[in-house]
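Peer 1: Predicted model, plus sequence, below.
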Amino acid sequence: MRCKTPRRMPLCAVALAAAMQAAGCGDDGSKANAKPGFVGTVTMLEYDGDKNDLLTAGLGKTGLAGAAPGYTDAAAPTAVELRRNAIYHNYRALLDMTAAGGYGVLYGPNVALDGTASLGEGKVAGGEYIAYSDDGTGRRNVTLMVQVPNSFDARQPCIVTATSSGSRGVYGAISAGEWALKRGCAVAYTDKGTGAAPHDISNDTVPMIDGTRASAAAAGTAAAFRAALSDSERAAFNAATPNRFAFKHAHSQQNPEKDWGRFTLQAVQFAFYVLNERLGERAGDGTRLQTFARDNTWVIASSISNGGGAALAAAELDDEGWIDAVAVSEPAVELPADPGVSIRRGATAVPVSAKTLVDFTTYAQVFQSCAALAPSLAGAPFLATFVALRSAPASARCASLRTKGLLTASDTAAQAEEALAKLRSYGWEAEAHVLHPSLAFFEVAPAVAVAFANGLSRAGVQDRLCGYSYGAASATGVPEALAVSALATMFATGNGVPPSGGVQLINENNPGGAAQDLFSRSPSTGALDMNLDGALCLRNLVEGNDTWAQRLKTGVDETRRNGNLRGKPAVIVHGRADALLPVSHTSRPYTALNKRVEGTASKLSYIEVTNAQHFDFFNQAFPGYDSRYIPLHVYLNRALDAVWANLKNGTALPPSQVVRTVPRGGTPGAAPAITAANVPAIAATPGAADRIDYAAGVLTIPD
């Protein structure tokens, strides 16, 4: 077992924990194990690695790639069925699940850490522990979960975090935990105060920690989320707007993002408690001891997207030495209002960078649907579908933008090109432009903007911020009741940011009555322009100064990161073509900030991957993604490999660099199978044309 100094330098090897303590390798080894005060009741289930398991819920590599598991009664699913479906849907949501795209070949449950497809179905036996983190009121109830594989090696103990991506529930980064389970590490998960299942306001039912549903009265403080409404407030809300839902990220009124780092650290602390309860040495009276402690157990903070941002936040907050290293992919990270850094790509300065997510996403919400019609985007993935089904409202959006003086061109094509140029000027890379039609079609920017604006400003569901609410809608956009089975299974199928799981964005200010946002009118123009008024209202929360804008500003300021990773070895990977979290607003300026703040103590490497975008799942789902983009997930695994080698063997991290991948090419929708040649390794010594450099507050990215 390894012993580490507070700076996580290594090593002393002994066979057993008792011998480790005798050798003085552990300052906490003699202490009784104690459950952290923030942890509530702990539930543990053991999985045999056959009928059920930690990674695939018994489905195995083949089942994860197949049809979704069924329910005996979808209107009343069991906790076991919900867990299996949650793992199935969340695993698939983040990855290209086709063999041609890399599943089962470059990554997946069957692919060993040495890169060989030698693990069969890849099922992982072990124990799964789950509990709430709360302050006793039931208002927070952040879900924490720890998986301990039976392959956990007490002689080289390790923990890896997998904080949920996006606004998903606790299984929301299950694919990010895969590397750890294969390594024999425990995995520390948290939903970070978000989650897929809502409070059904009309029927007053709420999700429980296992995804099942109960009446709010019966659930009490055990509900995973319950909107803070009195009975009279709920009755008034239902009378005015029936069949609506409150979601935890948007409507908890706690601004959970400010605590994503803290919740990730709590997941780590919970993992230590679980490891010691499961495998720790016993004292003479049978009490479990703190055998596994900070000075003898490697901890890597990891995950993707919002989960990756949470890992970085945790490392910044870590003044007690819980975390040894960081490896994240495409992190969402909020920069200081004035980070004191700038970005250059080649010889050209990036004009706008380091904006917060709610800033650049509300900007995208205003202009993206119009920009999607730009003639210069001909051949973009999903463009034909967007034009066929959204051309009229998108054209109306362009016209309304001109009416409000936000565009000046006189015809739709020119207006669309003007909107596209605005996105480019606001920080989107040229490589990301072809993704605007598909993201606009799936309402990605409105979904994210509404959820984050509500969450950051601590708006309640009853506030209907900027006239938005969540509810099901008919084919013509009229709000209606959601199917019972859709609500009952949303713990497994939802992503926490509608449109999702049958729940839509509703424009309560639509002239003539509430309507699905996508098919609604703006009150100021009467045009069917996808509710430009709502989008501009959200934008005003960023740019304005009224009461709600001030509340948003306060919330945003609570989420800003400082860039100080405390000298921890860290690797960030990010796709250059990311259109959801543009690199010049996230990983690039964060890297520069870290270099400015830590100076020569910085151990952060930034790896920018060409021909990679935010949603690997899209690579399999939409023709044109497959031929253009490689799976970024490959590089998260390589980042984890790099920090592991650094911790274990002292191997230097690769320098910051651009990795130039090779698209699969071929016919969109039928691209040839990916090979290792498409995803070259991160170079230990990159050439000058690929190296990313920092000097005097400027991060320079080669073209």
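Peer 2: Structure received. Numbering: from 1, shown residues only.

Peer 1: where along the stretch 151-300 of the chain do the helices fall?
Peer 2: For the stretch 151-300 of the chain, the helices defined by DSSP state H, counting those that start in this stretch occupy 178-183, 216-219, 231-240, 248-251, 260-279.

Peer 1: Could you dump those helices into CSV with mean pLDDT and mean neighbour count added?
Peer 2: (Glycine included, C-beta is placed from N, CA and C.) As requested, the helices of the stretch 151-300 of the chain are exported to CSV (pLDDT from 0 to 100; neighbours: other C-beta atoms under 10 Å):
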stretch, mean pLDDT, mean neighbour count
helix 178-183, 98, 24
helix 216-219, 98, 16
helix 231-240, 97, 13
helix 248-251, 98, 28
helix 260-279, 98, 24
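
Peer 1: Let me see the contact set for the closest residue to Ile701 other than its chain neighbours.
Peer 2: Counting by C-beta to C-beta, 6 or more residues apart in numbering, the nearest residue to Ile701 once its immediate chain neighbours are dropped is Arg345, at 4.9 Å. Going by C-beta atoms under 8 Å, 6 or more residues apart in numbering, Arg345 touches Glu429, Thr700, Ile701, Pro702, Asp703.

Peer 1: quick one: Arg345 and Gly63, what's the gap?
Peer 2: Here the criterion is C-beta to C-beta, to the nearest Å. By it, Arg345 lies 43 Å from Gly63.

Peer 1: Any figure for the gap between the residue positioned nearest the centre of the chain and Ala311?
Peer 2: For the chain, the residue nearest the mean C-alpha position is Ser165 (2.0 Å; C-alpha atoms, centre = their mean). Distance from Ser165 to Ala311, counting by C-beta to C-beta: 11 Å.

Peer 1: what touches both of these two?
Peer 2: Listed as contacting both Ser165 and Ala311 by C-beta under 8 Å, 6+ apart are Ser303.

Peer 1: just checking, Ser302 is part of a strand?
Peer 2: Yes. When DSSP: H, G, I helix; E, B strand; the rest coil is applied, Ser302 is found to be in a strand.

Peer 1: hey, what's it bridged with?
Peer 2: Ala327 (DSSP bridges).

Peer 1: Wait, Ser520 touches Glu508, no?
Peer 2: No. Ser520 lies out of contact with Glu508 (C-beta atoms under 8 Å); the separation is 9.4 Å.

Peer 1: Poorly predicted segments of the chain, please.
Peer 2: 1-29 (pLDDT under 70).

Peer 1: domains for this structure, by residue range?
Peer 2: Using automatic domain parsing, the domain ranges for the chain come out as 196-235, 357-556, 560-701.

Peer 1: quick one: contacts for Thr600?
Peer 2: By C-beta under 8 Å, 6+ apart, Thr600 lies in contact with nothing.

Peer 1: Arg390 is in contact with Leu439, isn't it?
Peer 2: No. In this structure Arg390 lies outside contact range of Leu439 using C-beta under 8 Å: 11.9 Å.

Peer 1: Have a look at the two and say which one is more surrounded.
Peer 2: Leu439 (25 against 20; other C-beta atoms under 10 Å).

Peer 1: Please name the nearest non-neighbouring residue to that one.
Peer 2: Counting by C-beta to C-beta, 6+ apart, the residue nearest Leu439 is Ala579, at 5.7 Å.

Peer 1: In terms of helices and strands, where is that neighbour?
Peer 2: Assessed by DSSP states H and E, Ala579 sits outside every helix and strand.

Peer 1: Kind regards, and thank you for your time.
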